[in-house]
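In: Need a 3D model of the following:
(chains A and B)
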Number of protein chains: 2
Amino acid sequence: MAIRIGILGYGNLGRGVESAVLQNKDMELSAVFTRRNPESLHIKTKGVQVLHTDKISSMKDQIDVLILCGGSATDLPEQTPAYAEMFNVVDSFDTHAKIPEHFANVDSSAKKGNKVSIISCGWDPGMFSINRLYGNCILPEGKDYTFWGKGVSQGHSDAVRRIQGVADCRQYTIPVPEAVDTVRSGSNPELTTRQKHTRECFVVAKKDADLNQIEQEIKTMPNYFSDYDTTVHFISEEEMKRDHSGLPHGGCVIRTGVTGIEKEHKHIIEYNLSLDSNPEFTGSVICAYARAAYRLNQEGQAGCRTVFDIAPAYLSSKSPEELRAHLL
Amino acid sequence: MAIRIGILGYGNLGRGVESAVLQNKDMELSAVFTRRNPESLHIKTKGVQVLHTDKISSMKDQIDVLILCGGSATDLPEQTPAYAEMFNVVDSFDTHAKIPEHFANVDSSAKKGNKVSIISCGWDPGMFSINRLYGNCILPEGKDYTFWGKGVSQGHSDAVRRIQGVADCRQYTIPVPEAVDTVRSGSNPELTTRQKHTRECFVVAKKDADLNQIEQEIKTMPNYFSDYDTTVHFISEEEMKRDHSGLPHGGCVIRTGVTGIEKEHKHIIEYNLSLDSNPEFTGSVICAYARAAYRLNQEGQAGCRTVFDIAPAYLSSKSPEELRAHLL
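Out: Below is the predicted model of the structure:
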């Protein structure tokens, strides 16, 4: 029998999860939940019901894993602990600083309900975290580097959209090629924020807006832009639609380290992602972990987990024998 | 208290493990075992005993994990099952086709002794296998590529050494750059053996040997060279010593796949290793898994495991809380 998936929240990530469920033969979509009017939603999978969030508890016996596709700022801190008692859940909580608190809340709730929760799934946190961990364990004397991009940062795009006179913005984070090359050479450089990434903004201004003023506000915005070299391009609404409608992203995690009695040998481990669609890739990672959550719970486990706690074999629909014979 | 490590076999890999143990603060080397005369061995770690293999069972209570550093052809198929009952063990068994049989033998022995064994640790099998598995689970509709090198293949070097007239050989496996670029472009090419790798041999010939004959024998050797474009260079013993004494290696695992309702988005996951010393890196991976073997056994587990079965957190000396706070 297929693993029955529920999706809560039908934005970019919810649609990415839906598309990933369709690619996994051992899963089926059971329902999509929304806080909007369910009739306003037109999902891609045929014959699947769209229900208001109010109805979630009535679907308790028809869903094996509920995937929470809300935002980390306000949705997930409420939703994940709330639903972790009723369902096996997976979320992509990505406020790094608040992970310990989120973990504790979800863990207590999941244990009460004898369910398994997996938080902070995706690629960062997620696959990038796993690669930082493996790299640190294999090369204990070394240094970590994470580069993001080239890709669209939703948070930075939103920050620019809040500036007066801005109608729309797409912000790209771009690793500085020379910085990446220096790291790959194994020379273990110390890099400042400015040396690692540049930022590029494509802005649609409102009629009669002060372009100079907008550009200055962007470039000096603390936390978001002031520590970076930022380029601002003003474009038309048509250009935005034509050239910047995708959500590509990616980046790399590099661990450099030394081994040998005299520390005479250098090693470089690099994990690199190049993604046409950030939400679809994130949704694909989440689906693999939904399988793990289901299987761990079937084995009788309960509580909160992260990607660090899940053995790779749990992500696969194949048997341990098949995996050993074909992928090891 | 530190995890007490025993090393069986003091060749390149044994020395690599010794060097890795010195880099892990929570481990200490307890003894090195050899089939040679123990007095002929001069190890790098001060104050550690070198014992004949005969004495292994007398050290049962002074070793937490025994690391088996023999070869996959004849040593490990005997040694791992033999010692898996007495010790937690880790090996780097790399005869892919015989892994299922080796697993079964080791599993039955480890269960008898209530110990944990981890087989086939290193980078391939090992880290490359893990990346093939993660890639397959995240992108179920896609294609796998593994490239090896540039690096020294011991098996191919040995094969050339067996040719009449050859005094020494170092064989490098080299990925074809155009093939790697095509894969990275996401175009999912079908590649033949010849299109993926070339081979380069540096040969020291014996006095009066027939160089043409040696070159022909290398290039036409079935399984090892006949399916590849191979270059042969004849060099002096001095050049061999000066330019080819290292054991560098590396390579990459690439998974390319598509997502989206119309399969319209491409994704590329690449894991890349660049290693100055193959045996020291392999030894470093093995040490991380030795920690996992010890901890799993402390938890009461028994039986054979592979890298697929070990959650990443078990490789680290840090607590789950520290890992979540700093690496997730």
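In: Residue of the stretch 1-150 of chain A nearest chain B, please.
Out: A:Cys137 (3.9 Å; C-beta to the nearest C-beta). To be clear about C-beta, it is placed using only N, CA and C from the backbone, and glycine gets the same treatment.
In: Quick one: neighbours of that residue, just the number.
Out: A:Cys137 is surrounded by 25 other residues when neighbours are defined as other C-beta atoms under 10 Å in any protein chain shown.
In: B:Asn297 versus that one, what's the distance?
Out: The spacing between A:Cys137 and B:Asn297, counted by C-beta to C-beta, to the nearest Å, is 18 Å.
In: Kindly report the same for A:Glu262.
Out: The span separating A:Glu262 from B:Asn297 equals 33 Å under the rule C-beta to C-beta.
In: the more surrounded of the two?
Out: B:Asn297 (19 against 8).
In: Three-state assignment for the more buried one, please.
Out: Assigned state for B:Asn297: helix (three-state reduction, DSSP: H, G, I helix; E, B strand; the rest coil).
In: Just to check, it is in contact with B:Asn88?
Out: Yes - between B:Asn297 and B:Asn88 there is a contact under C-beta atoms under 8 Å: 5.0 Å.
In: hey, what's in contact with both of the two?
Out: Jointly contacting B:Asn297 and B:Asn88 under the rule C-beta atoms under 8 Å, 6 or more residues apart in numbering or on different chains are B:115-116.
In: circling back: pLDDT at the residue of the stretch 1-150 of chain A closest to chain B, what is it?
Out: pLDDT for A:Cys137: 98.
In: In contact with the residue nearest the centre of chain A: list those residues for me.
Out: The centroid of chain A falls nearest to A:Gly122 when counting by C-alpha atoms, centre = their mean (3.8 Å). Counting by C-beta under 8 Å, 6+ apart, A:Gly122 makes contact with A:92, A:94, A:282, A:285-286.
In: Can you pull the phi and psi angles for the nearest residue to A:Asn114 once chain neighbours are set aside?
Out: Counting by C-beta to C-beta, 6 or more residues apart in numbering or on different chains, the nearest residue to A:Asn114 once its immediate chain neighbours are dropped is A:Ala302, at 4.6 Å. A:Ala302 adopts backbone torsions of phi -150, psi 150, taken as degrees, to the nearest 10.
In: Is A:Ala302 in contact with A:Ala110, as I believe?
Out: Yes - with contact taken as C-beta under 8 Å, A:Ala302 and A:Ala110 are classed as touching, separated by 5.9 Å.
In: Look at those two and report which has more neighbours.
Out: Neighbours were counted for A:Ala302 and for A:Ala110 using other C-beta under 10 Å; A:Ala110 has more, 30 against 17.
In: Those residues of the stretch 51-200 of chain A touching chain B, which are they?
Out: Residues of the stretch 51-200 of chain A lying near chain B by C-beta under 8 Å from any C-beta of the partner chain: A:96, A:99-100, A:103, A:120, A:125, A:127, A:129-134, A:136-141, A:186.
In: does the nearest residue to A:Leu41 once chain neighbours are set aside have beta-bridge partners, and which?
Out: Distances taken as C-beta to C-beta, 6+ apart place A:Val50 nearest to A:Leu41, at 4.8 Å, with adjacent residues excluded. Residues found in beta-bridge contact with A:Val50 (criterion: DSSP bridges) are A:Val32.
In: how many neighbours does A:Val50 have?
Out: Around A:Val50 sit 18 other residues, with neighbours defined as other C-beta under 10 Å.
In: separation between it and B:Asn188?
Out: Applying C-beta to C-beta, the value for A:Val50 to B:Asn188 is 35 Å.
In: Next: A:Thr182.
Out: The separation that A:Thr182 has from B:Asn188, given C-beta to C-beta, amounts to 32 Å.
In: Please apply the same query to A:Glu217.
Out: In this structure, A:Glu217 lies at 45 Å from B:Asn188, with C-beta to C-beta as the measure.
In: And A:Val180, which helix or strand is it part of?
Out: helix A:177-184 (DSSP states H and E).
In: all strands for chain A, in order.
Out: Listed in chain order, the strands found in chain A under DSSP state E are A:3-8, A:27-34, A:49-52, A:65-68, A:88-91, A:116-118, A:142-148, A:151-152, A:166-175, A:197-205, A:229-234, A:249-259, A:265-275, A:303-305.
In: Let's have those strands in JSON lines, adding mean pLDDT.
Out: What follows is the strands of chain A, written out as JSON lines (pLDDT from 0 to 100):
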{"stretch": "strand A:3-8", "mean pLDDT": "98"}
{"stretch": "strand A:27-34", "mean pLDDT": "98"}
{"stretch": "strand A:49-52", "mean pLDDT": "98"}
{"stretch": "strand A:65-68", "mean pLDDT": "98"}
{"stretch": "strand A:88-91", "mean pLDDT": "98"}
{"stretch": "strand A:116-118", "mean pLDDT": "98"}
{"stretch": "strand A:142-148", "mean pLDDT": "97"}
{"stretch": "strand A:151-152", "mean pLDDT": "96"}
{"stretch": "strand A:166-175", "mean pLDDT": "97"}
{"stretch": "strand A:197-205", "mean pLDDT": "98"}
{"stretch": "strand A:229-234", "mean pLDDT": "98"}
{"stretch": "strand A:249-259", "mean pLDDT": "98"}
{"stretch": "strand A:265-275", "mean pLDDT": "98"}
{"stretch": "strand A:303-305", "mean pLDDT": "98"}
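In: Quick one: closest of these to B:Ala31.
Out: Closest approach to B:Ala31 among the strands of chain A (C-beta to C-beta): strand A:249-259, 21.5 Å.
In: Now do the closest one: which elements does it pack against?
Out: Judged by 3 or more C-beta pairs under 8 Å, 6 or more residues apart in numbering or on different chains; DSSP states H and E, strand A:249-259 is in contact with helix A:127-138, strand A:142-148, strand A:151-152, helix A:177-184, strand A:265-275, helix B:12-23, helix B:278-298.
In: who's A:Ile118 bridged to?
Out: A:Val90, A:Arg305.
In: same question but for A:Thr231, I mixed them up
Out: Bridge pairing for A:Thr231 - DSSP bridges - gives A:Glu200.
In: ok, it touching A:Phe202?
Out: No - under the criterion of C-beta under 8 Å, A:Thr231 makes no contact with A:Phe202, lying 9.6 Å away.
In: With neighbour numbers in mind, choose between these two.
Out: A:Phe202 (21 against 15).
In: and that one, what does it touch?
Out: With C-beta under 8 Å, 6+ apart, A:Phe202 has these contacts: A:169-172, A:233, A:235, A:239-240, A:243-244.
In: what's the farthest-apart pair in the residues you listed?
Out: Checking the contacts of A:Phe202 with C-beta to C-beta, the most distant pair is A:Gln171 and A:Glu239, at 15.3 Å.
In: higher neighbour count, those two?
Out: For the pair A:Gln171 and A:Glu239, the greater number of neighbours falls to A:Gln171 (26 against 13), based on other C-beta under 10 Å.
In: Tell me how far that one lies from chain B.
Out: Counting by C-beta to the nearest C-beta, to the nearest Å, the gap between A:Gln171 and chain B amounts to 20 Å.
In: I'd guessed that residue sits against A:Lys150; true?
Out: No - no contact is recorded between A:Gln171 and A:Lys150 when judged using C-beta under 8 Å, the distance being 11.3 Å.
In: With that, I have no additional questions.
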